[in-house]
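> show me how the following folds:
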Amino acid sequence: MNGFARGPWAARLAVGVLAIFAAGCGREEPPVSNSFAVMGTYGSIMLSGADRGRADEWASIAQNKLKELERAWSVFRSGSEVGRINAAAGDAPVPVSAVTRDAVAAAIRYGSLSGGAFDVTVGPLMKLWGFRSDVPPDQPPPPEAIRETLERVGFRRIVVGPNTVFLERPGMVLDLGGIAKGLAVDAVCEELRRRGARNFLVNLGGNIRVFGRVGPKRPWRVGVRDPFDREKLLGVLALESGEAVATSGNYERFVEIGGRRYAHILDPRTGRPVEGMAGVTVVARSAGEADAMSTALFVLGVERGREALRYVPGCHAVFIPDRRPAEAFVTGGLMRRMQPEIGWMLRMRSLDP
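Below you'll find the predicted structure:
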């Protein structure tokens, strides 16, 4: 989980999932797409059917909404609401807007649902492991340094009031990066629907949500990258109207310490980088949920992640462990909606009863 408004954060995950459009037959026109840079990554909207004619207008609305949220949530801007919360850690509650209060409350909820696998206060650990520095440490942090840093980590130490947010301990850092892009996609979708859009796809750095359909009989589809070969796909998923998808992977960003590569996704419970998973793709009822749960399930792994999904209705996942021969473990009936690439056809394993 990282902040945004800096280029490297674009790695999460512009390469994990991507919109796919195959031309239909007859006179059906393809969707219109508009792209733009925002929140340290690239955003885009695709519109089909009658919505195509307002593409430029709605792309501008989407970009303005995302810039508004970036001003409130960026961990790198001292004047943002998140920046002010961090500056006052251990001192006093900070007045915030309703949108920031709700974002922090959502982050706490997914922290609780995941048993602490998702945590928006891991910033001190990210710094300790060198993910916030151009020069990584020569050696992994010693156990005592990890234990000391963990004293400043923990979503349960965030206090959300009616109009305030407070970090209980000095040195704590709130970083909404692990959920912000998903929540931002949801906000854009809500705004577009309020203005009358019906058939569209919103993509922000690989956090995707769709409404309506591409054509009268064709759903929106997204391709899931193969975590072992970024030039290939694992398969293609068909999404229902309102669904969202996000991916977390160990190939997104990493540091090399002492000749060993460490992925940037940390386990907030142990203070150490996660090992054993190559990628997790989540399909959920909202983009915020898909964003947070993809990180949480990556930390939890296949078996514990499968158990956690019982408490999140409508949330399904594809787990890819970091081992060879490669396998993918699929939950929630996604097997029926996934068209695997040839190389993955015999490697898909259903986790459904």
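
> any weak-confidence spans in the protein?
Applying pLDDT under 70 to the chain flags residues 1-28, 251-254, 353.

> can you do 50?
Applying pLDDT under 50 to the chain flags residues 1-2, 4-15, 22-25.

> got the residue ranges for the helices in it?
Taking DSSP state H to define them, one finds helices in the chain at 55-73, 81-87, 98-113, 123-128, 143-150, 177-194, 287-308.

> go through these and pick out the most buried.
helix 287-308 (a mean of 25; mean count of other CB atoms under 10 Å). In this view, the C-beta of every residue, glycine as well, is placed from N, C-alpha and C.

> C-alpha coordinates for that one, PDB please?
Taking C-alpha atoms only, helix 287-308 is exported to PDB below (Å, rounded to 0.1, in the frame of the first residue of the first chain):
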ATOM      1  CA  ALA A 287     -13.800  -0.700  -6.800                       C
ATOM      2  CA  GLY A 288     -12.900   0.400  -3.300                       C
ATOM      3  CA  GLU A 289     -13.600  -3.200  -2.100                       C
ATOM      4  CA  ALA A 290     -11.700  -4.800  -4.900                       C
ATOM      5  CA  ASP A 291      -8.700  -2.500  -4.200                       C
ATOM      6  CA  ALA A 292      -8.500  -3.200  -0.500                       C
ATOM      7  CA  MET A 293      -9.300  -6.900  -0.700                       C
ATOM      8  CA  SER A 294      -6.700  -7.600  -3.400                       C
ATOM      9  CA  THR A 295      -4.000  -6.400  -1.000                       C
ATOM     10  CA  ALA A 296      -5.600  -8.200   2.000                       C
ATOM     11  CA  LEU A 297      -5.900 -11.500   0.100                       C
ATOM     12  CA  PHE A 298      -2.300 -11.200  -1.200                       C
ATOM     13  CA  VAL A 299      -1.100 -11.000   2.400                       C
ATOM     14  CA  LEU A 300      -3.400 -13.800   3.700                       C
ATOM     15  CA  GLY A 301      -2.600 -16.300   0.900                       C
ATOM     16  CA  VAL A 302      -4.900 -18.900  -0.600                       C
ATOM     17  CA  GLU A 303      -6.400 -20.800   2.400                       C
ATOM     18  CA  ARG A 304      -6.700 -17.900   4.800                       C
ATOM     19  CA  GLY A 305      -7.900 -15.600   2.000                       C
ATOM     20  CA  ARG A 306     -10.600 -18.100   1.100                       C
ATOM     21  CA  GLU A 307     -11.800 -18.000   4.700                       C
ATOM     22  CA  ALA A 308     -11.800 -14.200   4.700                       C
END
